[in-house]
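# 3D model of this:
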Amino acid sequence: MGDAAATKLDVVLFPWLAFGHMIPYLELAKRLAARGHAVTFLSTPRNLARLPPVPAHLSPLIRLVALPPPAVEGLPEGAESTADVPPEKNELVKKACDGLAAPFAAFLSDAVARGRRRPDWVVHDFCHHAIPPIAGAHRVPCAAFLIVQAATIAFLGPRWAHEAHPREAPEDFAAAPEWCRPALPPAVAYRRHEAGWAVGAFRPNASGVSDMDRTWEILERTRFTIYRSCEEMEPGVFALLTDLFRKPTIPAGVLFQPDVAEGSDSSHSAGVRSEVLQWLDSQPPKSVIYVALGSEAPLTENNLHELALGLELAGVRFLWAFRKPAGMSSAPGTDAAGDLLPAGFEHRTRGRGVVWSGWVPQVGVLAHAAVGAFLTHCGWGSTIESLVFGRPLVMLPFVVDQGLIARTMAERGVGVEVARDDGDGSFGKDGVAAAVRRVMVEEEGKVFASNAEKMKEVLGDQRRQDQYMDQVVRCLVRYKDDNC
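Coordinates of the predicted model:
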């Protein structure tokens, strides 16, 4: 790295108030600290208390600083992240995020006072549109770190493209825009039932600011943008984004180390191997499909029934990490899964299927030799984890960027989507069973598995992943005193 290796940086990291963002930010912190750079990680007290511990050898270089959370009307007391509220209140969490601007300004003023070293960078998330002006007043440059699929930002486009080609109706998002070609195939687009989110992203929400205005503000006012991704996952997209936003766009790699994950304590709880992993130990190699749809998928009771009946109809072994959907209640004293699934389902599938309502060590499960595929909502983090371990995908996307990720992965030949009604997004047991069998049973599944295995070889190349992180550090050094 030459001169960059000799320059030790002081970097402030400030993620959005969601654990799907905070965890990648913590991974970025660890990689910066491993290279000798000092990191200050900002969030609120409850969020910091719930983060996994920093490895002891890195803790001297990573400082966790709590900013006092503002009171926001409509948010329950103690709600400091999206994990604490139902999805419809996420807009109020963004309002709370805006309320952290004043505590951030106080933190930065204190950081540069009394002759202390001024931070070299503030690296922040999409929501923090108020941060660049505050940092600029203290002569601290900002960079953005976005943990989403880079292709999603290209699809949504820069402000100038939206002004030149306004998109206001769901059908406007049914095909990749001209400015994305050839980096994005035409098939990478929203379905009609998904496009409402894209339309809404351009409109102010309860926070008073639209998600796209937030994103445009930070991309226009920061010196460069970092993504949790790599060229192998998204070929050509980073050059496209650099052209579209007229700022450097840098992949940081997937921020995941398969060799560490497989041998770590992530597969254990209190020193005891988890029950789900013990169950997997007794299953044949690549015979089980792992099912997990995240904690925020807007599932209905009908969705749960059709998914369950589809798994039963597919006839394959399965492990379902069951999460009760927000807003659904189960009868007092009953098991949440048993109360919400079809009558007799667990009895009929006993011996070849497990519905687990407790904590599931997802990394440990995906690393297990018995797992042959992953039925997923296509969150970017889950997609990365699956491909790091070479698991093909059965895809059932619901919100935000998940549909675009599913289409991208289908184009890469690493899985298939469950058939849906284009208008209302409904799906049935036959569609679930057909998709599961295509990946797990039929001859075509060998192609998906082979393509996923090739992705594993690439994403598991730690030398290449480290090179991406080294490139990020070089950019932090290069653009620190630059006025680009």
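# What segments of the stretch 1-150 of the chain are strands?
Counting by DSSP state E, counting those that start in this stretch, the stretch 1-150 of the chain has strands at residues 10-14, 38-43, 62-66, 121-124, 142-146.
# okay, those strands in a markdown table with mean neighbour count, mean pLDDT and distance to residue 442 next?
To be clear about C-beta, it is placed using only N, CA and C from the backbone, and glycine gets the same treatment. Below are those laid out as a markdown table (neighbours: other CB atoms under 10 Å; pLDDT from 0 to 100; distance: least, CB to CB, whole Å):
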| stretch | mean neighbour count | mean pLDDT | distance to residue 442 |
| --- | --- | --- | --- |
| strand 10-14 | 22 | 97 | 45 |
| strand 38-43 | 23 | 97 | 46 |
| strand 62-66 | 16 | 97 | 47 |
| strand 121-124 | 25 | 97 | 45 |
| strand 142-146 | 24 | 97 | 37 |
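# So, low pLDDT: which residues of the stretch 301-450 of the chain?
326-336, 338 (pLDDT under 70).
# Which stretches in it count as strands?
Going by DSSP E, counting those that start in this stretch, the stretch 301-450 of the chain shows strands at 317-321, 353-356, 371-376, 393-395, 415-417.
# could I get those as JSON lines with distance to residue 16?
Shown next, in JSON lines, are the strands of the stretch 301-450 of the chain (distance: least, CB to CB, whole Å):
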{"stretch": "strand 317-321", "distance to residue 16": "24"}
{"stretch": "strand 353-356", "distance to residue 16": "29"}
{"stretch": "strand 371-376", "distance to residue 16": "21"}
{"stretch": "strand 393-395", "distance to residue 16": "24"}
{"stretch": "strand 415-417", "distance to residue 16": "27"}
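# Of all these, which one is nearest residue 274?
Residue 274 lies closest to strand 353-356 among those, at 9.2 Å (CB to CB).
# residues making contact with the closest one?
With contacts defined as CB atoms under 8 Å, 6 or more residues apart in numbering, strand 353-356 is touched by 275-276, 279, 311-312, 317-322, 337-338, 341, 345-346.
# Let me see the contact set for the nearest residue to residue 111 once chain neighbours are set aside.
Distances taken as CB to CB, 6 or more residues apart in numbering put residue 119 closest to residue 111, at 5.9 Å, once the chain neighbours are dropped. Contact analysis of residue 119 by CB under 8 Å, 6+ apart lists 10, 11, 12, 40, 108, 111, 112, 140.
# which of the contacts of strand 353-356 sit farthest apart?
So, those by CB to CB: farthest apart are 275 and 312, at 21.9 Å.
# low-scoring stretches of the stretch 1-150 of the chain, by residue?
Flagging of the stretch 1-150 of the chain using pLDDT under 70 yields the residue ranges 1-6, 114-115.
# Of the contacts of strand 353-356, keep whichever come out buried.
Buried by 16 or more other CB atoms under 10 Å: 276, 279, 311-312, 317-322, 337-338, 341, 345-346, out of the contacts of strand 353-356.
# I figured residue 167 hits residue 175, correct?
No - in this structure residue 167 lies outside contact range of residue 175 using CB atoms under 8 Å: 10.6 Å.
# sorry, back to before: nearest approach to residue 91 belongs to which of the strands of the stretch 301-450 of the chain?
Closest of those to residue 91 is strand 371-376, at 25.5 Å (criterion: CB to CB).
# Direction included, what does that closest one pair against?
strand 288-292 (parallel), strand 393-395 (parallel) (DSSP bridges).
# contacting residues around the last one?
The contact list for strand 393-395, computed with CB under 8 Å, 6+ apart, reads 289, 373-376, 378, 383, 386, 406, 409-410, 414-418, 435-436, 439, 448, 452.
# which parts of that strand are buried?
393, 394, 395.
# before we move on, back to that, kindly reformat the strands paired with strand 371-376 as CSV containing distance to residue 61.
Output for the strands paired with strand 371-376, formatted as CSV (distance: least, CB to CB, whole Å):
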stretch, distance to residue 61
strand 288-292, 33
strand 393-395, 36
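# Would you mind telling me which of these is nearest residue 199?
Taking CB to CB, strand 393-395 is the member of the strands paired with strand 371-376 nearest to residue 199, at 22.4 Å.
# so how far is the closest one off the chain centroid?
Taking the mean of its C-alpha atoms, strand 393-395 sits 16 Å from the chain's own mean (CA atoms, centre = their mean, to the nearest Å).
# any idea how far the residue nearest to residue 111 is from residue 256?
Applying CB to CB, to the nearest Å, the value for residue 119 to residue 256 is 27 Å.
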